[in-house]
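# Build me a model from this:
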Amino acid sequence: MIGRGARGLPGIAQDPGGSPSVWRCKQRRLPAHKEMHMIERIPARAGMLAAAALLAMIALGLCAGAASAETEVVYNNLPAANPGNVVSQAFEATQTGQFGGLVQLGGTNRKGGSVTIAMSSWGCQHGSYPGTPECTTEMGARFPATITLNVHAAGPGDEVGATLRSITRTFNIPYRPSQNDRMCKGGSFGAWYYAKLKACFHGRYTRITFPVGRFTWPSQAIVSVAFNTSDYGAVPQRPQPCNSEVQGCGYDSLNVGLTEPGAATPSVGSDPLPEAAYQDSQTSSNFCDSGVGGTGVFRLDSGCWNEYQPLVEVKAAP
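I've put the predicted structure just below:
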């Protein structure tokens with residue numbers, strides 16, 4: 001599921017079953033206004049209602065001002081519709097703590113906005129994704145995963161440059177659905193069935209979004225995510241109660257979604273390095289250069305990624 005995938009590419013999980021950013025108006029504490037002259041002429045209750053209405057109008061005006069700086073997509077290679085699951089880059093199975101890619105932004109917007117990353121969740125609430133023991137998941141069941149978005153400058157030779165932005169959030173990631181033995185048989189045994197596509201998958205496509213706040217984007221940036229698994233990452237999580245359970249820990253079966261060769265061209269922006277990725281893995285064989293450039297450090301890994309790029313959307317405001 002999540003070792004060396006098809007074509008011998010490091011860390012890529014091929015699924016044998018098949019292959020939103022909103023600007024919110026924050027409430028601002030408004031100064032108390034003296035409404036003496038108005039209240040003198042109308043009953044006290046009506047005066048309170050009038051004052052409340054006035055404050056509401058002021059707040060709406062503030063929201064309208066915030067909404068005027070709407071974001072637009074400046075980079076996007078996400079699927080237009082839910083594909084059920086996607087090829088993905090494993091973390092725990094490939095001893096990885098961080099993974100990303102270099103993006104070239106389109107358009108002219110460069111302020112703030114958000115970053116959305118596609119993920120592939122292979123974990124079951126109970127049981128195991130291959131179907132032995134049976135994989136079962138209650139409707140809506142999720143697990144928490146603390147994930148960090150990092151935005152780095154591209155340095156000389158496209159090496160990892162300065163950290164420009166780092167944001168950590170905890171997401172409730174959905175487990176993959178229960179297996180469907182009636183529809184998914186043979187090589188798809190243990191998979192769940194996606195009726196919309198009439199296809200079986202062992203992992204589940206999902207997205208996570210990071211608001212980036214006050215930030216100015218460069219035209220090119222290295223966008224990556226980092227998270228801990230049981231044995232890898234900045235702070236390995238073992239031991240945890242889930243380590244002794246059959247299904248294991250959800251974050252150990254959480255991968256980063258990837259594009260596939262021939263379908264990697266972004267709808268907005270471009271990929272300057274389609275044959276390269278950026279990763280931090282403890283294992284030398286997971287790198288194109290067999291670890292010559294170092295292991296256990298987040299660095300450029302060039303020459304063997306064959307257009308497998310992280311699935312990312314970047315939005316920014318003027």
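# going forward, measure contacts between C-alpha atoms and count neighbours the same way
Fine.
# Distance check, Ala263 against Leu105.
18 Å (CA to CA, to the nearest Å).
# what do you get for Arg214?
According to CA to CA, Arg214 and Leu105 sit 18 Å apart.
# These two: which is more packed in?
More crowded of Arg214 and Leu105, by other CA atoms under 10 Å: Leu105, with 24 against 10.
# what about the nearest residue in space to that one that is not next to it in sequence, how many residues close to it?
Excluding its sequence neighbours, the residue lying closest to Leu105 (CA to CA, 6 or more residues apart in numbering) is Gly269, at 4.7 Å. By the measure other CA under 10 Å, the count of residues near Gly269 is 21.
# I figured Gly269 hits Gln104, correct?
Yes - between Gly269 and Gln104 there is a contact under CA atoms under 8 Å: 5.5 Å.
# Quickly list what's touching both of these two.
By CA atoms under 8 Å, 6 or more residues apart in numbering, Gly269 and Gln104 have these common neighbours: Tyr75.
# Now do the helices in the protein.
If DSSP state H is used as the criterion, the helices of the chain fall at 36-41, 44-67.
# max-length strand in this structure?
strand 160-174 (DSSP state E).
# buried sites along that one?
Going by neighbour count (16 or more other CA atoms under 10 Å), the buried part of strand 160-174 is 160, 165, 173-174.
# Show me what it is packed against.
strand 142-154, strand 204-211 (3 or more CA pairs under 8 Å, 6 or more residues apart in numbering; DSSP states H and E).
# Any chance of those strands in a markdown table with distance to Val246, mean neighbour count and mean pLDDT as columns?
What follows is those, written out as a markdown table (distance: least, CA to CA, whole Å; neighbours: other CA atoms under 10 Å; pLDDT from 0 to 100):
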| stretch | distance to Val246 | mean neighbour count | mean pLDDT |
| --- | --- | --- | --- |
| strand 142-154 | 15 | 19 | 98 |
| strand 204-211 | 19 | 20 | 98 |
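# among those strands, which is nearest Asp231?
Closest to Asp231 of these is strand 142-154 (CA to CA; 14.7 Å).
# Which residue, neighbours along the chain excluded, lies closest to Gly233?
That would be Gly97: by CA to CA, 6+ apart, it lies 4.0 Å from Gly233.
# For this protein, which residue occupies the most central location?
Nearest residue to the geometric centre of the chain (CA atoms, centre = their mean): Ile117, 2.7 Å.
# For the nearest residue to Glu70 once chain neighbours are set aside, the count of nearby residues, please.
Distance criterion CA to CA, 6+ apart; nearest residue to Glu70, sequence neighbours excluded, is Ala317 at 5.7 Å. Counted with other CA under 10 Å, residues neighbouring Ala317 total 19.
# Please name the bridge partners of Ala317.
On DSSP bridges, the residues paired with Ala317 through beta bridges are Lys111.
# can you give me the strands for the stretch 101-250 of the chain?
111-121, 142-154, 160-174, 192-194, 199-201, 204-211, 220-227 (DSSP state E, counting those that start in this stretch).
# Let me know the average pLDDT across the fourth one.
Averaged over strand 192-194, pLDDT sits at 98.
# which stretch in the helices of the chain is the model least sure about?
Lowest mean pLDDT within the helices of the chain: helix 36-41, at a mean of 27.
# picking that back up, tell me which of the helices and strands packed on strand 160-174 lies nearest to Asn306.
strand 142-154 (20.3 Å).
# tilt between that closest one and strand 111-121?
Strand 142-154 and strand 111-121 are oriented at 130 degrees to each other (axes from the mean of the first three to the mean of the last three CA atoms, to 10 degrees).
# now for strand 142-154, which elements pack on it?
Here strand 142-154 touches strand 160-174, strand 220-227, going by 3+ CA pairs under 8 Å, 6+ apart.
# would you list those in TSV and tack on mean pLDDT and distance to Arg207?
Listed next are the helices and strands packed on strand 142-154 as TSV, based on pLDDT from 0 to 100; distance: least, CA to CA, whole Å:
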stretch	mean pLDDT	distance to Arg207
strand 160-174	98	9
strand 220-227	98	13
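# so what's the closest residue to the residue nearest to the centre of the chain other than its chain neighbours up against?
Closest residue to Ile117 apart from its sequence neighbours, by CA to CA, 6+ apart: Val312 at 4.8 Å. Taking CA under 8 Å, 6+ apart as the contact definition, Val312 lies against 75-78, 115-118.
# And these, which of them are buried?
Buried members of these, counted by 16+ other CA under 10 Å: 75-78, 115-118.
# now the end-to-end length of stretch 113-130.
Distance between the boundary residues of stretch 113-130 (CA to CA) amounts to 39 Å.
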